[in-house]
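Visitor: Got a predicted structure here, sequence first:
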Amino acid sequence: MDRDLCNFNPMTGEEEPMNEDCREMADALDVAIKFLEQGFCEDAVSREYILDKIHSENDMEKIENSNLFALHYANLVKNAPSITPTFNKWHLVKDELPNKCSYVNITCRSLIDTRPDWVVETCYVPQYPSSPYSDWGNIPMLNDGECEVIAWMYRNIPEPYKPER
């Protein structure tokens, strides 16, 4: 962002030189733009969480001193809970479940014999208790009680095929 640029003031309809607070904000935006240009973000945080924090009365009092502005918001982002799905990591079903309608791999364990555990690709869609289908897709062995899901992991779904021009 060019620091010699002026801010457009929508109240007056005129351009005004950037004050120190605007320069600090412009610096923060430059950093954000650089991260966005890098592509995939490894550790996303919830916009809703950050906005709730920004708009709370206590947080607004903390940033009255403009020197603390950048530090305060950097700490907010640093301490925000991650919402990035973790790929290539098994999660135990007893500890947590995936997001609704997520494509996942599941590890199944047999309840009727000693065969080794196996992996199935499916979609997690929570079902009503009276549904004949499993939460883990329409997998007949789950519905018949022949196996149980013990772990799951998110899986990347590739982009659909597009013919070359």
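Guide: Perfect, thanks for sending it. Since the structure is predicted, the reported quantities are computational estimates derived from the model, not experimental observations.
Visitor: pLDDT at the closest residue to Gly137 other than its chain neighbours, what is it?
Guide: Nearest residue to Gly137 in three dimensions, chain neighbours excluded: Thr122, at 3.6 Å (Cβ to Cβ, 6 or more residues apart in numbering). C-beta here means a position set from N, CA and C on the backbone, and glycine is covered the same way. Predicted confidence (pLDDT) for Thr122: 90.
Visitor: any residues touching stretch 134-150, and which ones?
Guide: 92-93, 97, 104, 106-112, 117, 120, 122-127, 132-133, 152 (Cβ atoms under 8 Å, 6 or more residues apart in numbering).
Visitor: of those, buried ones?
Guide: Neighbour counting by 16 or more other Cβ atoms under 10 Å classes Val93, Leu97, Val104, Ile106, Thr107, Cys108, Val120, Thr122, Cys123, Tyr124, Trp152 among the contacts of stretch 134-150 as buried.
Visitor: how near is Lys162 to Arg155?
Guide: For Lys162, the distance to Arg155 equals 21 Å [Cβ to Cβ, to the nearest Å].
Visitor: the more surrounded of these two?
Guide: Arg155 (15 against 6; other Cβ atoms under 10 Å).
Visitor: I'd say that one and Val119 touch.
Guide: No - between Arg155 and Val119 there is no contact under Cβ atoms under 8 Å: 10.1 Å.
Visitor: tell me, what's touching those two both at once?
Guide: Asn105.
Visitor: Secondary structure and distance to Ala28 added to the buried ones among the contacts of stretch 134-150, as TSV?
Guide: Listed next are these as TSV, based on DSSP: H, G, I helix; E, B strand; the rest coil; distance: Cβ to Cβ, whole Å:
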residue	secondary structure	distance to Ala28
Val93	coil	41
Leu97	coil	36
Val104	strand	36
Ile106	strand	42
Thr107	strand	43
Cys108	strand	47
Val120	strand	45
Thr122	strand	42
Cys123	strand	39
Tyr124	strand	37
Trp152	strand	37
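Visitor: Quick one: those as JSON lines, columns for distance to Asn143 too.
Guide: JSON lines is the format used below for the buried ones among the contacts of stretch 134-150 (distance: Cβ to Cβ, whole Å):
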{"residue": "Val93", "distance to Asn143": "16"}
{"residue": "Leu97", "distance to Asn143": "18"}
{"residue": "Val104", "distance to Asn143": "18"}
{"residue": "Ile106", "distance to Asn143": "14"}
{"residue": "Thr107", "distance to Asn143": "18"}
{"residue": "Cys108", "distance to Asn143": "12"}
{"residue": "Val120", "distance to Asn143": "13"}
{"residue": "Thr122", "distance to Asn143": "13"}
{"residue": "Cys123", "distance to Asn143": "15"}
{"residue": "Tyr124", "distance to Asn143": "15"}
{"residue": "Trp152", "distance to Asn143": "17"}
